[in-house]
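Trainee: could you look at this predicted model? Sequence included:
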Amino acid sequence: MGNNDESNGGGAGAGGVCTVLVCSCDKYSDLHGPFITLFRKFWPDCPFEVVLVTETIAGGGFDRAILAGPGGNWASRLSFALGGIQTPYILMLCDDYLLSGNVDTGLVLRRLSQAKEFGAANLRMIPNPKPTPANSSPAPHGLLEYRKGSAYCIATQAGFWERGFLSAITAGKGSIWEFERRGSFEVCGEKRPLLVTPTQEFPFVDAVHKGYWEKAGLALCMANGVAVDLARRGRPPMRVHAIEALKRLVFAVFPWDAIVRVQNALDLGAKERRK
């Protein structure tokens, strides 16, 4: 792993409380430009330092870039980045989470304040997966709390993380899928709550899936005059659509917890692991 740290300025975040951390890799460096362009457009008054963690190729426009070097994986890069961040909270985003509307900074700061007030390990600002009586319970201020040990109670969806908890749950993982699928069943003894807002409060589009542009992601970029490199990645072929449709059917019919436990036991999805 490398130990490079490229900076374009920026402080430690509002009051030194939180840092926006954008997780990426060289394979997805073509998304750096669209991400930061839309981020600056739709959140011009972001009070936090915006840090990109990647391997060796970092696009401009971020407050700081942490270069972890080649040869690692998603989790090792995240762990490396957390070692270079001092704020107690992290707003973690993926490089394909493209902002699609104006961010309500006051609302975001209130949610951060609630994460601190309730001692939350994580406060997710999008209810994905949708909380149900089987995997959640009511929490103060209209929030819901994911039941620990339920599928995707740990997920990379946009939200605040207590840095120590995020570092601990990342240790020993490889891919995003391991972080979410295995991590969800490793937190049963955690006392701090995993909170989620009842509606999506952070306006973004998950623009890329399985390495291909989603229709909504391309439309968002086109509507905002953001150039994309279709030579690097295009629209998904029909086989990808068919596989995803089958997966949606399986998840609609069978309990998510059971499916994810089987995936973990059989290490299914290994070919999908994004470095």
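Mentor: Looks like it arrived, so ask away.
Trainee: so where do the helices sit in the protein?
Mentor: Here the chain has its helices, by DSSP state H, at 32-42, 74-82, 105-117, 163-170, 176-181, 215-223, 238-253, 256-266.
Trainee: count the residues that sit near the spatially closest residue to G183 that is not a sequence neighbour.
Mentor: Distances taken as C-beta to C-beta, 6 or more residues apart in numbering place I154 nearest to G183, at 3.9 Å, with adjacent residues excluded. (Glycine included, C-beta is placed from N, CA and C.) Other residues near I154 come to 28 when the count uses other C-beta atoms under 10 Å.
Trainee: does I154 touch A121 like I think?
Mentor: No - in this structure I154 lies outside contact range of A121 using C-beta atoms under 8 Å: 9.1 Å.
Trainee: okay, and the common contacts of the two?
Mentor: Residues touching both I154 and A121 (C-beta atoms under 8 Å, 6 or more residues apart in numbering) are 187, 194.
Trainee: among the helices of the chain, which gets the worst mean confidence?
Mentor: Set side by side, the helices of the chain give their lowest mean pLDDT on helix 256-266, at a mean of 50.
Trainee: related to what we said a few turns ago, could you pull up phi and psi at the residue nearest to G183?
Mentor: Main-chain torsions, I154, degrees, to the nearest 10: phi -110, psi 120.
Trainee: local confidence estimate at it?
Mentor: 96.
Trainee: how about it, what does it touch?
Mentor: For I154, the contacting residues are 122, 169, 179-180, 183-184, 186-187, 194, by C-beta under 8 Å, 6+ apart.
Trainee: among those residues, which one sits closest to T54?
Mentor: Taking C-beta to C-beta as the measure, F179 is the one of the contacts of I154 closest to T54, at 16.9 Å.
Trainee: okay but R233 is in contact with G211, surely?
Mentor: Yes - in this structure, R233 is within contact of G211 by C-beta under 8 Å, at 6.0 Å.
Trainee: returning to that earlier point: can you say which of the contacts of I154 are buried?
Mentor: The neighbour count (16 or more other C-beta atoms under 10 Å) marks 122, 169, 179-180, 183-184, 187, 194 as buried among the contacts of I154.
Trainee: distance to A68 added to those residues, as JSON lines?
Mentor: Putting the buried ones among the contacts of I154 into JSON lines (distance: C-beta to C-beta, whole Å) gives the following:
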{"residue": "N122", "distance to A68": "23"}
{"residue": "I169", "distance to A68": "18"}
{"residue": "F179", "distance to A68": "16"}
{"residue": "E180", "distance to A68": "20"}
{"residue": "G183", "distance to A68": "20"}
{"residue": "S184", "distance to A68": "25"}
{"residue": "V187", "distance to A68": "25"}
{"residue": "L194", "distance to A68": "27"}
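Trainee: which two among the residues you listed are spaced furthest apart?
Mentor: Maximum pairwise distance in those, criterion C-beta to C-beta, is 13.9 Å, between F179 and L194.
Trainee: would you turn the contacts of I154 into TSV with distance to W161?
Mentor: What follows is those, written out as TSV (distance: C-beta to C-beta, whole Å):
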residue	distance to W161
N122	5
I169	9
F179	11
E180	13
G183	12
S184	14
E186	15
V187	12
L194	10
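Trainee: so where's the stretch 51-200 of the chain uncertain?
Mentor: Within the stretch 51-200 of the chain, the ranges that satisfy pLDDT under 70 run 133-135, 137-138.
Trainee: which parts of it are strands?
Mentor: Using DSSP state E, counting those that start in this stretch, the strands assigned to the stretch 51-200 of the chain run over residues 64-67, 89-94, 97-99, 122-124, 136-138, 144-146, 159-162, 194-196.
Trainee: now the fourth one, how far from the centre of its chain.
Mentor: Here the centre of mass of C-alpha atoms in strand 122-124, compared against the chain's by C-alpha atoms, centre = their mean, to the nearest Å, lies 11 Å away.
Trainee: now stretch 51-59
Mentor: The answer for stretch 51-59 is 15 Å, by C-alpha atoms, centre = their mean.
Trainee: so what's V20 up against?
Mentor: Neighbour list for V20: 13, 46, 48-51, 90-91, 93 [criterion: C-beta under 8 Å, 6+ apart].
Trainee: where's the residue nearest to G183 relative to F48, distance?
Mentor: For I154, the distance to F48 (C-beta to C-beta, to the nearest Å) stands at 22 Å.
Trainee: all set, thanks.
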